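S.K.: with the input below, show me the fold.
(4 chains)
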There are 2 protein chains.
Amino acid sequence: MNIGEVAEKSGLPAKTIRYYEDIGLIRPLRHDNGYRAFRPSDLHKLAFLGRARSLGFSIEDCRVLMALYEDETRESAQVKALAQEHLTQIDAKIAGLRAMRETLADLVDACHGDSRPDCPILKDLASVVK
Amino acid sequence: MNIGEVAEKSGLPAKTIRYYEDIGLIRPLRHDNGYRAFRPSDLHKLAFLGRARSLGFSIEDCRVLMALYEDETRESAQVKALAQEHLTQIDAKIAGLRAMRETLADLVDACHGDSRPDCPILKDLASVVK
DNA sequence: CTTGAGCTTCCAGTGACTGGAATCCCCATG
DNA sequence: CATGGGGATTCCAGTCACTGGAAGCTCAAG
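M.R.: Numbering: from 1, shown residues only, chains lettered A, B, ... in the order given. Next up, the predicted model:
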């Protein structure tokens, strides 16, 4: 398979696939003309990577997950620990965003949003003084 | 004021303050020795920026917000519209993270996490096939 | 033979900093 | 007066995960 076909089947842009090769996540073969020659196993890996990335795992996490996936002697506890930690970080991120959201929503509600210059949003931003 | 004092009072790292000058968000004066000379108004701006950034506004948004803040003839509707759009994007981000979180939490729950290799998390990652 | 799509590499840019190196300035102590 | 330390300066490089674009090669169709 050429990169275009693999891109379509994996849902990843060709640019991203080349990048993944650059950083050593995949190692496709090459045709005589220099084109990348993807095996089904490469496509499989790319799909794995795409799924992991869509769950928010970092590239380095993906590297570890792929290694675990290919390691028949892995212990599921290793995978679970990685996922658990990632989950914790997602929760932290959500909490941070929710706090932001709360404050911002209050400010937006308080702003009448008309043609006058008076604005509680700007007032809040300027209010953090020492 | 020197940069150290401003950093402490604004809560921003000196590195960040220099960066904000680089990109034109502030324009402190200079002492004869080359040190930056911050006026109270510079500190005020930095506090404004810090607050806006902590609410998740991008640097470009901050630029606009500062301009609006300094424009006596602004209309609060402009500010509100900017904040409203930002709020919408935060909501979208939260929604995305929550979806991730759901899937991931289910997978973590399903994984027994012991010394055996069998693992629903890896199974899920590998399951996205054509 | 030409055209156009698809492939190649390489370089640069994104956002918002952050780390580090090399150098300079100021003040206080011996 | 030398020195030492803390704080300031600039500049370059790195982060993360791509993404855009330029220049050039390959292939299949007409």
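S.K.: in chain A, where is pLDDT below threshold?
M.R.: Counting by pLDDT under 70, the ranges of chain A that qualify are A:129-130.
S.K.: show me the strands in it, by range?
M.R.: A:29-30, A:36-37 (DSSP state E).
S.K.: contact partners for the residue lying closest to residue A:75 once chain neighbours are set aside?
M.R.: Nearest non-adjacent residue to residue A:75, counting by Cβ to Cβ, 6 or more residues apart in numbering or on different chains: residue B:115, 4.6 Å away. C-betas here are computed from N, CA, C, even on glycine. Taking Cβ atoms under 8 Å, 6 or more residues apart in numbering or on different chains, we find residue B:115 in contact with A:75-77.
S.K.: likewise residue A:75?
M.R.: Residue A:75 neighbours (Cβ under 8 Å, 6+ apart): B:114-117.
S.K.: what's the PyMOL line that selects buried ones from these?
M.R.: Provided next is the PyMOL selection string for whichever of the contacts of residue A:75 are buried by 16 or more other Cβ atoms under 10 Å in any protein chain shown:
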select buried, chain B and resi 117
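S.K.: ok, the contacts of residue A:75 vs DNA strand D, which is closest?
M.R.: residue B:117 (25.7 Å; Cβ to the nearest atom of the strand).
S.K.: for that closest one, which non-adjacent residue is closest in space?
M.R.: Leaving aside its sequence neighbours, residue B:117 sits nearest to residue A:74 (Cβ to Cβ, 6+ apart; 4.9 Å).
S.K.: which of the strands of chain A has the highest mean neighbour count?
M.R.: Here the criterion is mean neighbour count by mean count of other Cβ atoms under 10 Å in any protein chain shown, and of those the winner is strand A:36-37, at a mean of 16.
S.K.: check whether that one contacts DNA strand D.
M.R.: No: using Cβ under 7 Å from any atom of the strand, strand A:36-37 stays clear of DNA strand D, coming no nearer than 11.5 Å.
S.K.: strand partners of that strand, parallel vs antiparallel please.
M.R.: Paired strands of strand A:36-37, with direction, are strand A:29-30 (antiparallel) (DSSP bridges).
S.K.: the strand it pairs with near DNA strand D anywhere?
M.R.: No: using Cβ under 7 Å from any atom of the strand, strand A:29-30 never reaches DNA strand D; the gap is at least 11.4 Å.
S.K.: distance of the residue nearest to residue B:117 from residue B:79?
M.R.: 53 Å (Cβ to Cβ, to the nearest Å).
S.K.: one more: residue A:42?
M.R.: 51 Å.
S.K.: related to what we said a few turns ago, among the contacts of residue A:75, which are in helices?
M.R.: In helices, judged by DSSP state H, none of the contacts of residue A:75 are found.
S.K.: mind putting the contacts of residue A:75 in CSV, distance to residue B:49 included?
M.R.: Shown next, in CSV, are these (distance: Cβ to Cβ, whole Å):
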residue, distance to residue B:49
B:114, 50
B:115, 51
B:116, 52
B:117, 51
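S.K.: rewinding a little: tell me which of residue A:74 and residue B:79 has more neighbours.
M.R.: residue B:79 (24 against 18; other Cβ atoms under 10 Å in any protein chain shown).
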